[in-house]
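Participant: pasting the sequence and the predicted model now:
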Amino acid sequence: MKTRTDIERQIFHDRATALAQKTVLSEKSAGIPVFSFFLARERYAIEAKYIQHVFPLQDLTPLPGLPSYHLGITSLERKFISVIKIEYFLRIPDRSLSSLNRVILIQIDSIRFCILTDRIEGLDFMDTTEIKQVKSKESQTGNSLIQGMDVSGKILLKIQNLLENVDFFGGNKCF
Amino acid sequence: MFLTRKVSVRVRFISMISIVVIIMIGFFEGFYLFVVRNVDIAASTKVKLFWGTQITGIVLMVIAIFILIFIEVTLVKPLIDIADATKAVSKGDLSLRVNMDDRNDEFGVIAKNYNKAMDFLSLVVKELLVTIHVLENVGGEILNSSVETASSTSETASSISETSTTVEELHQTADLSSKKAKYVMEISQKAVDVSKTGLNSVENAILSMKEIQEQMKLISDSILSLSEKSQLIGEIVSTTENLAEQSNILAINASIEAAKAGEYGKGFSVVAMEVKNLAEQSKSSISRIRTILNDIQKATNRAVLVTENGSKAVDRGTEQSRESRESIHILSSIISEASQASVQISASSNQQLVGTDHVSKAMENIREASQQNETSKRMVEASSKNLKDLSLKLTELVEKFKL
C-alpha cells in the first residue's frame, strides 16, 4: 500500500510528465471563457458562467463551529454569503489573510458562495482540447475539483464538484 | 808628696804631730829642767817634779787625745762625709745626704747646701725622668699616629684619586646634561609654539564644528521635511493604488457582466478589458512608484539616521574638540612650565658645570696637599723615630741617677 507521501510524489511526477510532453497545437479555437486567479502562486481558472462578481475581502465575519475550510460570512447586496477556502480541498497549506485577497462570488444553480483567492487575473479563454487530465489528491474519491491543466500550467477547476464536499450550514446551501 | 794626700789625713797627721810635739815638749821640758839644766833641787823634789812633769805629759797627752778626737769629730768626719757624699754624687747617687743639722759652722752650711742641691737635683732628675717618659710616650704616639696617618694618607690618596675620577665623570655628565638641557629647552620652546598652533587649530576646529552642526541641523530639517513629503506622497500613492485596484476590480466585474451578456456584451467586454489593462498599468506604475517611493523613504530614513548620527558625531566631535582644547590648554601650560623648568635646568646645569670645574681644581689642590702630607708624614715619622731614640737615650742617662 502506497503512503500518502508516495501518492503526492506520484501526482507531482504525473503533472511534470504531462507538462513536459509536447503539445500538438490544434487549430486555434476560441475555447471556453474562464475566470483566472492565483492561489499560492499557481494559476487556476473557473468557467466564467459561474462567476458573478469580484470584490476585495472585507467585512468577513468568522462564525463558530464551522469547518476549517469555511472562513466565515460576508455581506453582499444585503445578503450573507459564505466564504470558502478552496485551498483546503487543493491541499494548499494555510496562509494568513490580507487586504490583497480577493473574493469571487460564484453561483451554481441557485447556490451562491464565495471563494477566496490571492489575486485575480480576469477573464480568459481556455481551449478544452488542450486541457490535460492530471491526477489530484481528490481524484481518489472521484469528485476531484481539478478538471485539467492547459499548456501554460493553468489549472481548470470543476467548481460544481465543490458543492458535493461543502456543507453550507447544515443543508442551507445558499442564503 | 804630702799635698797629694787627703785633707783628712793631712789634718790627722798635723794633729798627731802637734800632739806629739806638745807631749814631747812636756816630757822634754821636765827632762831639760831636771836633767839637762840640773837644777839644784832636792832629790825628792826632783822626783816629784819628774813625776809632775810626767803626769803633766800624760795630762797633755790626754788633752792631746781629746783634741785629736775633737779634730776628728769636728773636722775630719764632716770632711769624710762630704767627700763620700760627693763621691756618691759623682757616681750618680743622689740619694745620699749629709746629716749635719746640729752644726752651724761652715761644714753645716756646706752640708745644708749640699743637701738642698741634692734635693733640687733629685727633683729635677725625677721631673726629667717623668718628662722623658712623657716624651717617650709622645714620641711613640707620634710614631703610631704617623703610621696610622700613613695608612689614612694612602687611603686618602686613593679616595682622592677615585674622587678625582668621579669628579671628572661628573664633569662630563654635567657637560652632557647641560647640552641636553639646552636641547630640551629648545625642544620645549618649539613644543610651546606647536601647542599654541594646536590650540588655534582646535579653536578653528570648534568653530568649524559649530558651522557643521548648523549645516547638519539644516540638512536634518530638510530631510525630515523630505520624509514628511514622502509620507504624503505615499499616502497619495496608496489612494491611487486603491483607486487602480478598484478600477481593476470594476473592469473585471464589467467584463464578467459583458460575458454574461454574450454576443451583445463583446464590445463592452473589450472596453472593460482595456480599462482593466489601464488599471493594471496604473497598478504597475504605482507599484514602481511605490517601490521608488519606498526606496526614497528608506534612503530618507537612512539619511535621517545618518544625519542624526552625523549630528551626534558632530556633537561628540564638538565636545571632544572642547575637551581637546582644554587638554591642549593644560598641555600648553604644562609645556610652558616644562620650558621654564628646562631653562632653569639649563642654568643649573651650567652652574653645575662651573661647580664641577671648581671641584676638579679643588681636588687637584687636595691631591697636591695629600702629596705634601705624604712627605710631611715621612718627615714626622722620621722625627718621631728620632724623638723616640732620643728619649730612650735620655732615659738611659737619667736612669743612671739613683734617687
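Facilitator: Arrived safely, thanks for sending.
Participant: and the strand or helix carrying residue B:362, how far out from the chain's middle?
Facilitator: For residue B:362, the host element (DSSP states H and E) is helix B:266-398. With C-alpha atoms, centre = their mean, to the nearest Å as the basis, helix B:266-398 stands 39 Å off its chain's centre.
Participant: what's the answer for stretch A:49-64, then?
Facilitator: On C-alpha atoms, centre = their mean, the centre of stretch A:49-64 falls 14 Å from that of its chain.
Participant: what's the mean pLDDT across that stretch?
Facilitator: Computed over stretch A:49-64, the mean pLDDT rounds to 89.
Participant: so residue B:399 touches residue B:129, yeah?
Facilitator: Yes: between residue B:399 and residue B:129 there is a contact at 7.4 Å, judged by C-beta atoms under 8 Å. For every residue, glycine as well, the C-beta is placed using N, CA and C.
Participant: between these two, which has more neighbouring residues?
Facilitator: Neighbours of residue B:399 and residue B:129, each counted by other C-beta atoms under 10 Å in any protein chain shown, are more numerous for residue B:129; the result is 17 against 13.
Participant: quick check: the residue of the stretch 51-200 of chain B nearest chain A.
Facilitator: residue B:198 (62.1 Å; C-beta to the nearest C-beta).
Participant: pLDDT score assigned to that residue?
Facilitator: 86.
Participant: now swap in residue B:301 and tell me
Facilitator: 81.
Participant: go ahead and confirm it touches residue B:227.
Facilitator: Yes: using C-beta under 8 Å, residue B:301 is in contact with residue B:227, at 7.0 Å.
Participant: show me which of those two is the more surrounded one.
Facilitator: The neighbour comparison of residue B:301 against residue B:227 (other C-beta under 10 Å) goes to residue B:227, with 17 against 13.
Participant: please tell me how far that one sits from chain A.
Facilitator: According to C-beta to the nearest C-beta, to the nearest Å, residue B:227 stands 25 Å off from chain A.
Participant: these two touch, right, that residue and residue B:304?
Facilitator: Yes: counting by C-beta under 8 Å, residue B:304 is a contact partner of residue B:227 at 6.1 Å.
Participant: now residue A:156: which helix or strand?
Facilitator: Using DSSP H and E, residue A:156 falls in strand A:155-157.
Participant: surely residue B:65 touches residue B:19?
Facilitator: Yes: contact criterion C-beta under 8 Å: residue B:65 and residue B:19 qualify, at 7.3 Å.
Participant: higher neighbour count, those two?
Facilitator: Higher neighbour count among residue B:65 and residue B:19: residue B:19, with 19 against 12, using other C-beta under 10 Å.
Participant: host element of that one?
Facilitator: Counting by DSSP H and E, residue B:19 is part of helix B:7-31.
Participant: tell me the contacts of the closest residue in space to residue B:403 that isn't next to it in sequence?
Facilitator: The spatial neighbour of residue B:403 that comes closest, neighbours along the chain excluded (C-beta to C-beta, 6 or more residues apart in numbering or on different chains), is residue B:122 at 5.0 Å. Contacts for residue B:122 (C-beta atoms under 8 Å, 6 or more residues apart in numbering or on different chains) come out as B:94-95, B:401, B:403.
Participant: which of the residues you listed are buried? Put it as a ChimeraX command.
Facilitator: To isolate the buried ones among these in ChimeraX, judged by 16 or more other C-beta atoms under 10 Å in any protein chain shown, type:
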select /B:94,401
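Participant: among the contacts of residue B:122, which two are most distant?
Facilitator: Farthest-apart pair in the contacts of residue B:122 is B:95 and B:401; separation 9.0 Å (C-beta to C-beta).
Participant: if we can go back for a sec, is the residue nearest to residue B:403 in a helix, a strand, or coil?
Facilitator: helix (DSSP: H, G, I helix; E, B strand; the rest coil).
Participant: I'd like to know how far the nearest residue to residue B:282 once chain neighbours are set aside sits from residue B:143.
Facilitator: Once flanking residues are discounted, residue B:282 sits nearest to residue B:244: 3.9 Å by C-beta to C-beta, 6+ apart. According to C-beta to C-beta, to the nearest Å, residue B:244 stands 135 Å off from residue B:143.
Participant: of the two, which one has the most company?
Facilitator: Neighbours were counted for residue B:244 and for residue B:143 using other C-beta under 10 Å; residue B:244 has more, 21 against 18.
Participant: is it fair to say residue A:54 lies in a helix?
Facilitator: No: with three-state DSSP as the criterion, residue A:54 is located in strand rather than a helix.
Participant: for it, list the residues it contacts.
Facilitator: Applying C-beta under 8 Å, 6+ apart to residue A:54 gives the contacts A:102-105, A:120, B:249, B:252-253, B:256.
Participant: about what we covered before: doesn't the residue nearest to residue B:282 belong to a strand?
Facilitator: No: read with three-state DSSP, residue B:244 is helix and lies in no strand.
Participant: so what's it up against?
Facilitator: Going by C-beta under 8 Å, 6+ apart, residue B:244 touches B:279, B:282-283, B:286.
Participant: same deal with residue B:217?
Facilitator: By C-beta under 8 Å, 6+ apart, the neighbours of residue B:217 are residue B:311.
Participant: what strand or helix carries it?
Facilitator: helix B:106-260.
Participant: by contact count, what packs against the helix or strand of chain A with the lowest mean pLDDT?
Facilitator: When the helices and strands of chain A are compared on mean pLDDT, DSSP states H and E, helix A:4-20 comes out lowest with a mean of 73. Secondary-structure packing of helix A:4-20 (3 or more C-beta pairs under 8 Å, 6 or more residues apart in numbering or on different chains; DSSP states H and E): strand A:146-149.
Participant: that older thread, closest one of the contacts of residue A:54 to residue B:347?
Facilitator: residue A:102 (97.4 Å).
Participant: beta partners of the closest one?
Facilitator: Beta-bridge partners recorded for residue A:102 (DSSP bridges): residue A:56, residue A:117.
Participant: test my guess that it contacts residue A:51.
Facilitator: No: applying C-beta under 8 Å as the test, residue A:102 and residue A:51 come out as separate, 11.9 Å apart.
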